[in-house]
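1. okay, here's the prediction I keep looking at, along with the sequence it came from:
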Amino acid sequence: EPHNGLTGTTPEDGYYALRGAYEGATYSVGCDTASYCRRKSAINSIPVAAYWCVQTITTTGYGDVVPQTVLGKTIGVASMLMGLVMLALPITIISENFALEYQRKELLRMENEEKLECELLQELQRKRDSRRRRRGSLQKEQQGANTE
């Protein structure tokens, strides 16, 4: 009988709980033959594993009602994947449009800030020029008064 080197299992057994591998909650010490210690896996082929994987990834159902036939599982997988596609495509389109709109509004906000800064700078330059002119005229008046 072929043996994989682990105590109490062979490759043909299909058991996932090995003797002595899980101490505590899943495997009791000294538990060798009890049915709750070593259960045969329900996943016994690649198609069954693929169905389990798709059902798990799409988080479909609670596992209380599952199709039993190959046709039922095929239809189930097709509907799960179509549901995923029907949600994934619109969500990506909506999020892309949201990102573009956000960028557009941010750019508009920055342009408005730059415009306001330019207007404020021009106002400050006008005030500075006005002060310079006034200072120049006051200096001329004072020089004229000093020469008299």
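-> Structure's in. What do you need?
2. mind listing what's buried along the worst-scoring helix or strand of the chain on mean pLDDT?
-> Evaluated with mean pLDDT, DSSP states H and E, the helix-and-strand set of the chain has its lowest mean pLDDT in helix 46-57, which scores a mean of 82. Using 16 or more other CB atoms under 10 Å as the test for burial, helix 46-57 gives 51, 54-55. In this view, the C-beta of every residue, glycine as well, is placed from N, C-alpha and C.
3. for the helix of greatest length in the chain, give the mean pLDDT please.
-> Counting by DSSP state H, the longest helix found in the chain is helix 70-147. For helix 70-147, mean pLDDT rounds to 91.
4. and the angle for that helix with helix 46-57?
-> Angle between the axes of helix 70-147 and helix 46-57 is 40 degrees (criterion: axes from the mean of the first three to the mean of the last three CA atoms, to 10 degrees).
5. how far away is Thr44 from Lys140?
-> For the record, residue 44 is Asn, not Thr. When distances are taken as CB to CB, to the nearest Å, Asn44 and Lys140 turn out to be 105 Å apart.
6. what do you get for Gln68?
-> As defined by CB to CB, Gln68 lies at a distance of 106 Å from Lys140.
7. compare the two (neighbour count), which wins?
-> For Gln68 versus Lys140, neighbours defined as other CB atoms under 10 Å are more numerous around Lys140 (10 against 7).
8. Ala42 should be in a strand, yeah?
-> No: Ala42 sits outside any strand when classified using DSSP: H, G, I helix; E, B strand; the rest coil, being coil.
9. what residues are up against it?
-> Residues in contact with Ala42 (CB atoms under 8 Å, 6 or more residues apart in numbering) are Val48.
10. ends of stretch 56-70, what's the gap?
-> Using CA to CA, to the nearest Å, the end-to-end distance of stretch 56-70 comes to 18 Å.
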